[in-house]
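In: from the sequence below, what's the structure:
(2 chains)
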There are 2 protein chains.
Amino acid sequence: MTRTTSLYEPVLAEMSQVEETLSSLARVDTPWLRDMLAAVLFAGGKRMRPAVSLLAGKFGVFDPALSVPLAASLELLHTASLVHDDVVDGAGTRRGRPTAGSLFDNHGAVILGDYVFAQAAALVARTGHAEVVRLFAETMVMMSMAQLAEDRAAFDYNQTVDDYLRRIRGKTASLFAIAAQGGALLSGVRDDDALALRGYGENLGIAFQIVDDILDFSGDEREMGKPVGSDLMQGTLTLPSLMLIERYPDENPIRRLFKDRGGPEHLREAIEVVCGSEILGEAYATAKGFGDAALAALARLPRTRERESLEEIAVYVLERRT
Amino acid sequence: MTRTTSLYEPVLAEMSQVEETLSSLARVDTPWLRDMLAAVLFAGGKRMRPAVSLLAGKFGVFDPALSVPLAASLELLHTASLVHDDVVDGAGTRRGRPTAGSLFDNHGAVILGDYVFAQAAALVARTGHAEVVRLFAETMVMMSMAQLAEDRAAFDYNQTVDDYLRRIRGKTASLFAIAAQGGALLSGVRDDDALALRGYGENLGIAFQIVDDILDFSGDEREMGKPVGSDLMQGTLTLPSLMLIERYPDENPIRRLFKDRGGPEHLREAIEVVCGSEILGEAYATAKGFGDAALAALARLPRTRERESLEEIAVYVLERRT
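Out: Numbers count the residues shown, from 1 in each chain, chains lettered A, B, ... in the order given. Next comes the predicted model:
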């Protein structure tokens, strides 16, 4: 947390309040629910969405009584979607990490995720800001729609980089986008500045997800806490894979991997080919393009400590190793 | 539908608009998503929650542009919770009906449920009514909390009728309660009348769920579309079971059933003992008590066709066979 903590410097006090809000949610009377919530809410996340939201709020008249609930609700929305994403399909698809579904059970994890979604909705409702509430619901729609599309596309070899970008825009970037825009709107930031901040959030989110997908090939398994290649094992084509397929459409290890639905020898080969080529560098350049777009979106805003912090976050997202 | 259609007579036009709203949600460009939505949204539900909500709205200045989205969102919230409730835990727990999880797959059903939740949230946000949005989120919290409690209590023999009533209050009655109260608030009905309508909805919901749980013992498998005893098979103790346990705490077939986690011969015996005793009649009397409380809650409201319709619904809920 050291690295991200210093990144969030202008909003550290408010980040503590977000943490306190999350803790208070986990302080329920029912011991088993307390344990479940603690397991998913305090699993070492970077709290990047709340931070972006709070920083964006500082461009207007910041009211912690509104902005802290929104920031916490965005972290909850993120958490709930992770919990649901980790629900497995029986013995068939085993995901690479200890899932909420394995800590509890599948059905329990589903309802726990619903509970966290509901608390997110309750917190955002507390802002009483109709437009932010509307954007929040719309974000949930976009996220689940993209997740459905990703599910649907599993082990489908016929996908393009455009399909991928559309998916991560919904799955990941939409939440960063509402973080920045919603945070700004709550503080009464002018609509055009709030839209600029939305642009920052969206591009940041795309860069973030691309780097995530690169790290699934090149990351350190111990630092990441999950085995490399878990996307491919689940049949998910991300940017590096799609770049490999575009380059060698007829014959490549991913084609073979998908044909036999995840043979480990083909997986190893696919990872080696991607990591041994220039593909990761090019995928990284694509991410950097979105990171630059995020920075460019900030250009119209005053040069404050908060803007600097948002800029540093955009740089960090590209440099991070976990 | 004939029976329920005539029940909803004062709001038939608005019910068509609710149906149209739901249909329009299912008219998405993506064929597979269209099919998924059609499968869960048009599965022959009674649309009781939207009807209650619309009827309650008629006690004030009714605006279909607000009340129809709320009514549709309540049906979506109900649908989403059913979809999630049907997600199974691997081969271990097989539920008695063709589930969304079996029509699609577990993970797909989870995300589909999220999508339907999100659309529900988007529709309720459209009302722009801060208090109704807040109540909606609170209802989601109560529903998921109760569902978690039910999960947690599966195959736990040490439960009381009070535990059961608390659970169904959250799981089922909270949604009927917001249907009535929220519908009223949107039409500017006075707070105390809206609370009376909430009381109607809550008591109606409890009666509804008790009858549901009675039908799980005595219902016709073909009419119900699921095998009798499915609650007990899943380890869920409902009112009839709990009454049996209170009567014969030390020795009864449910105790034996739970000990070996669902042996079919103990299940048959448990159903026979419950159906052969006066327990179902007494459970029905309990349901009728809540039905009467629902009717009593309406006493302060003007004697309109809509009130009559709400009264008929309370009677129907007790008489229904499916």
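
In: A:Pro240 versus whichever residue of the stretch 151-300 of chain A sits closest to chain B, what's the distance?
Out: Closest residue of the stretch 151-300 of chain A to chain B, CB to the nearest CB: A:Asp151 (5.3 Å). To be clear about C-beta, it is placed using only N, CA and C from the backbone, and glycine gets the same treatment. Per CB to CB, to the nearest Å, A:Asp151 is found 20 Å from A:Pro240.

In: of those two, who's got more company?
Out: Shown here are A:Asp151 and A:Pro240; by other CB atoms under 10 Å in any protein chain shown, A:Pro240 has more neighbours (28 against 21).

In: in what helix or strand does that one lie?
Out: helix A:239-247 (DSSP states H and E).

In: ok so, going back, dump the residue contacts of the residue of the stretch 151-300 of chain A closest to chain B.
Out: B:107-108, B:111 (CB atoms under 8 Å, 6 or more residues apart in numbering or on different chains).

In: other SSEs contacting the helix holding A:Pro240?
Out: Applying 3 or more CB pairs under 8 Å, 6 or more residues apart in numbering or on different chains; DSSP states H and E, one finds that helix A:239-247 contacts helix A:161-168, helix A:191-218, helix A:253-259, helix A:264-276, helix A:279-297.

In: how deep is the residue nearest to A:Ala130 when sequence neighbours are not counted tucked in, by neighbour count?
Out: In this structure, A:Ala130 finds its nearest non-sequential neighbour in B:Gly128, 4.6 Å apart by CB to CB, 6 or more residues apart in numbering or on different chains. Using other CB under 10 Å, B:Gly128 has 15 other residues around it.

In: against A:Pro264, how distant is B:Gly128?
Out: Distance from B:Gly128 to A:Pro264, by CB to CB: 53 Å.

In: how much space separates the nearest residue to A:Asp212 once chain neighbours are set aside from A:Gly201?
Out: Excluding its sequence neighbours, the residue lying closest to A:Asp212 (CB to CB, 6+ apart) is A:Thr172, at 7.8 Å. As judged by CB to CB, A:Thr172 and A:Gly201 stand 11 Å apart.

In: so for these two, which sits in the more crowded spot?
Out: A:Gly201 (29 against 24).

In: do I have it right that that one meets A:Val52?
Out: Yes - the criterion here is CB atoms under 8 Å, and A:Gly201 meets it with A:Val52 at 6.0 Å.

In: which residues do those two both contact?
Out: A:176, A:179-180.

In: for A:Leu237, which non-adjacent residue is closest in space?
Out: Per CB to CB, 6+ apart, closest to A:Leu237 is A:Gln159, 5.2 Å.

In: the one you found looks like it's in a helix, true?
Out: No - counting by DSSP: H, G, I helix; E, B strand; the rest coil, A:Gln159 falls outside a helix, being coil.

In: which of the helices and strands packed on helix A:239-247 sits closest to A:Gly57?
Out: Closest approach to A:Gly57 among the helices and strands packed on helix A:239-247 (CB to CB): helix A:191-218, 9.5 Å.

In: just the buried positions in the closest one, please.
Out: Within helix A:191-218, the residues that count as buried by 16 or more other CB atoms under 10 Å in any protein chain shown are A:193-218.

In: looking at it, A:Thr322 is touching A:Leu215, isn't it?
Out: Yes - if you go by CB under 8 Å, A:Thr322 and A:Leu215 touch, sitting 7.3 Å apart.

In: can you check which residues contact both of these two?
Out: A:Met224.

In: and the nearest residue to A:Leu301 once chain neighbours are set aside, which of the three is it?
Out: Among residues not flanking A:Leu301 along the chain, A:Arg307 sits closest, at 5.4 Å (CB to CB, 6+ apart). Following three-state DSSP, A:Arg307 is assigned to helix.

In: for A:Ala179, see how far away A:Arg307 is.
Out: Distance of A:Arg307 to A:Ala179, given as CB to CB: 15 Å.

In: looking at those two, which one has more neighbours?
Out: With neighbours defined as other CB under 10 Å, A:Arg307 and A:Ala179 compare such that A:Ala179 has more, 33 against 21.

In: let's verify that one: helix, strand, or coil?
Out: A:Ala179 ends up helix, using three-state DSSP.

In: can I assume it is in contact with A:Leu55?
Out: No - counting by CB under 8 Å, A:Ala179 stays clear of A:Leu55, with 9.2 Å between them.

In: need the per-residue pLDDT for the residue nearest to A:Leu237.
Out: pLDDT recorded at A:Gln159 is 93.

In: quick revisit: out of the contacts of A:Asp151, list just those in helices.
Out: Residues of these located in helices (DSSP state H): B:107-108, B:111.

In: show me what contacts the residue nearest to the spatial centre of chain A?
Out: Of all residues in chain A, the one closest to the mean position by CA atoms, centre = their mean is A:Thr172, 4.5 Å from it. By CB under 8 Å, 6+ apart, A:Thr172 lies in contact with A:205-206, A:208-209, A:212.

In: same check on A:Gly45?
Out: A:75, A:78-79.

In: quick one: secondary structure of it?
Out: Classified using three-state DSSP, A:Gly45 is coil.

In: ok, now the one 5 residues further on?
Out: Classification of A:Pro50 using three-state DSSP returns helix.

In: what does the model give the closest residue to it other than its chain neighbours for pLDDT?
Out: Nearest non-adjacent residue to A:Pro50, counting by CB to CB, 6+ apart: A:Ala71, 3.6 Å away. According to the prediction, A:Ala71 has pLDDT 98.

In: got it, and A:Ser309?
Out: Value for A:Ser309, per-residue pLDDT: 98.

In: from what I see, it and A:Leu55 are in contact.
Out: Yes - contact criterion CB under 8 Å: A:Ser309 and A:Leu55 qualify, at 5.4 Å.

In: more crowded one of these two?
Out: A:Leu55 (30 against 21).

In: isn't that one up against A:Val11?
Out: Yes - look at A:Leu55 against A:Val11 with CB under 8 Å: they come within range, at 5.7 Å.

In: for the two, list the residues in contact with both.
Out: A:306, A:309.

In: in contact with A:Ser174, which residues?
Out: A:139, A:142-143, A:146, A:202, A:205.

In: for it, which non-adjacent residue is closest in space?
Out: Per CB to CB, 6+ apart, closest to A:Ser174 is A:Met142, 4.2 Å.

In: the one you found belongs to a strand, doesn't it?
Out: No - assigned with three-state DSSP, A:Met142 falls outside any strand and is helix.

In: kind regards, and thank you for your time.
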